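Asks: model this:
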Amino acid sequence: MGVVYRARYVVNGRQVALKMLPGDISDKIALARFEREVEVLKTMKHPNIVRCFGGVCEDKRRFYAMELLEGGSLEDQLVARGKLPWEQVIQYGLQMCAALDYSHEKGVVHRDVKPSNFLISPDGQLKLSDFGLASVTSGRKITAAGKTAGTFLYMAPEQIRGQEVTPRTDLYALGCVLFELVTGHVPFLGETPGATLHMHCQAPPPRPTESALDCPLHLERVVLKLLEKDAASRFQTASEVARELRSISQTVTVTPRGKTGYSASMGSEDVTHAMVDVQKQATAPVLERSKISPRVFMICGALLLLSCLWNGYQWDRLGALERSARLWEEAYQSEIPEVRLQAAYALGELATTERHGLKLLKSGLQDSLSSRRTSAIAGLSRAGHAAATALPELMKIQKGDEDPLVRDAAAGAISAIRQSTDKGNFPWGKVIGGLFFFGLIGFALTWGRKAFSD
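Replies: Numbering: from 1, shown residues only. From the prediction side, this is the model:
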């Protein structure tokens, strides 16, 4: 319905995106929707919604200027990558919920939530755009009763039937978008548009885990609840969806890879750093005849062998972890938001043994870019009790940060750190290992004394 140009505001030189409606358009509905979009965007001031700088709707001159975003859209990412890691889907989902929650509080139902309408800023922040089909609770109706408007791949059953749309209509579309991001394809796609619309109204949604094996079951339950046919059975608000997404455990799974290393798998991203497992072998020396019983030498040799193996393993493990931490610290400095986020997760996991990475994450809380602060907070939430010293700074961010997404992330991190701290940090593993070691030494001495007496 319009053409978007790159433009420059001559007063201050700002580069903007200028959406202009051709002067020869006479369709009254198209004209009314363009005016509605300008009207809606003027009231929207949120970090996850495209900012509007104003416009003109007089005679045949209809245009408005908005912030220029050159990072592409979520649809571009899907085309380039097929699907996204589920951890990143959650981070994007939280930003989508923030935008929709603000919009719904303003009485605006977007009605066209889809990947191409979520633009990406240079620092990786999502911004909801294109309110041309938006429905305003207190405004006049543009779409006639019994008619429908939207994109058929993401339309809720009540929207398809031409019934009244509500904020839960947008939540259904959000479920379609989350499904597509985590699996790489939309939940419903028939041979014709009509068949697709019928599937939205009648067919049960497929499970995301059928095509995305790494998708957590909790995330699957969230998506399937959003895709309920009956609007009353869905989540009631976008903030409720956000709470569920924040509660999903984002853990790093470590799986064996061959005989010599391990692969750290974060969702569907295969980020691997070799951790060499050196196995040292020792052979007890050949014993000559001695007055001391050979059993004593066998026991001492066995203890020495166990000690060598344990110390060698620990030395190599700590060395490998240190090398891995250095690589993650380099990745954390990346300008690519996805790489920086995954690095923050890894540094948080290593925080109990690598304190330098923890200091790096704490320093990231002071970064001027909200996406960098969010990455640092995500890493600290992974660190558990090791990040307890960061609680005062996180509480300050939760109360006073200008970005609501950062405040939400800080609240989640505070909860995760406190829960981890409350569980207690008593080193049971070390205590049990020490008791076993000293018990083995006591057993060896007792046996040796008996051997000498014999």
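
Asks: what about residue 402, how many residues nearby?
Replies: 8 (other C-beta atoms under 10 Å). To be clear about C-beta, it is placed using only N, CA and C from the backbone, and glycine gets the same treatment.

Asks: sorry, that was for residue 71
Replies: Counted with other C-beta under 10 Å, residue 71 comes out at 16.

Asks: doesn't it fall inside a helix?
Replies: No: assignment of residue 71 by DSSP: H, G, I helix; E, B strand; the rest coil gives coil, placing it outside any helix.

Asks: pLDDT at it, what is it?
Replies: At residue 71, the pLDDT value in this model is 82.

Asks: again with residue 230
Replies: 93.

Asks: ok, it to residue 358 distance?
Replies: Distance, residue 230 to residue 358, by C-beta to C-beta, to the nearest Å: 47 Å.

Asks: of the two, which one has the most company?
Replies: Neighbour tally, residue 230 and residue 358, criterion other C-beta under 10 Å: the higher count belongs to residue 358, 21 against 9.

Asks: how about the helices in the stretch 101-250 of the chain?
Replies: In the stretch 101-250 of the chain, the helices defined using DSSP state H, counting those that start in this stretch lie at 157-160, 167-183, 193-202, 217-226, 238-247.

Asks: please identify the most buried of those helices.
Replies: helix 167-183 (a mean of 26; mean count of other C-beta atoms under 10 Å).

Asks: which helices and strands does it pack with?
Replies: Counting contacts by 3 or more C-beta pairs under 8 Å, 6 or more residues apart in numbering; DSSP states H and E, helix 167-183 is packed against helix 74-81, helix 86-105, strand 108-109, helix 157-160, helix 217-226, helix 238-247.

Asks: mind doing that once more with 7 Å?
Replies: Here helix 167-183 touches helix 86-105, strand 108-109, helix 217-226, helix 238-247, going by 3 or more C-beta pairs under 7 Å, 6 or more residues apart in numbering; DSSP states H and E.

Asks: the second one pairs with which strands, and in what direction?
Replies: When you say that, I think you mean strand 108-109. When pairing is defined by DSSP bridges, strand 108-109 lines up against strand 135-136 (antiparallel).

Asks: hmm, back to that, make TSV from the helices and strands packed on helix 167-183 and add mean pLDDT to it.
Replies: Putting those into TSV (pLDDT from 0 to 100) gives the following:
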stretch	mean pLDDT
helix 86-105	92
strand 108-109	87
helix 217-226	94
helix 238-247	92
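
Asks: any chance of the ones you listed in CSV, with distance to residue 180 too?
Replies: Putting the helices and strands packed on helix 167-183 into CSV (distance: least, C-beta to C-beta, whole Å) gives the following:
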stretch, distance to residue 180
helix 86-105, 10
strand 108-109, 21
helix 217-226, 10
helix 238-247, 16
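
Asks: nearest to residue 204, out of those?
Replies: helix 217-226 (9.0 Å; C-beta to C-beta).

Asks: rewinding a little: what's the closest of the helices and strands packed on helix 167-183 to residue 182?
Replies: Of all these, helix 86-105 comes closest under C-beta to C-beta, at 4.9 Å.

Asks: what helices and strands are in contact with that closest one?
Replies: Against helix 86-105 (3+ C-beta pairs under 7 Å, 6+ apart) you get strand 126-128, helix 167-183, helix 238-247, helix 337-349, helix 404-422.

Asks: make a markdown table from the ones you listed and add distance to residue 396 to it.
Replies: Shown next, in a markdown table, are the helices and strands packed on helix 86-105 (distance: least, C-beta to C-beta, whole Å):
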| stretch | distance to residue 396 |
| --- | --- |
| strand 126-128 | 25 |
| helix 167-183 | 31 |
| helix 238-247 | 19 |
| helix 337-349 | 19 |
| helix 404-422 | 9 |
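
Asks: how about those, which one is nearest residue 375?
Replies: helix 337-349 (4.3 Å).

Asks: okay, angle between that closest one and helix 74-81 too, please.
Replies: 80 degrees (axes from the mean of the first three to the mean of the last three C-alpha atoms, to 10 degrees).

Asks: show the average pLDDT along helix 337-349.
Replies: For helix 337-349, the per-residue pLDDT averages 76.

Asks: after it, which helix or strand is next? Please name it.
Replies: helix 355-364 (DSSP states H and E).

Asks: touching that following helix from outside, list them.
Replies: 325, 328-329, 332, 344, 347-348, 350-351, 372-373, 375-376, 379-380, 383, 386-387, 390, 393 (C-beta atoms under 7 Å, 6 or more residues apart in numbering).

Asks: tell me which residues of that helix come out buried.
Replies: 357-358, 360-362, 364 (16 or more other C-beta atoms under 10 Å).

Asks: pLDDT (mean, whole number) over that helix?
Replies: Mean predicted lDDT for helix 355-364 stands at 81.
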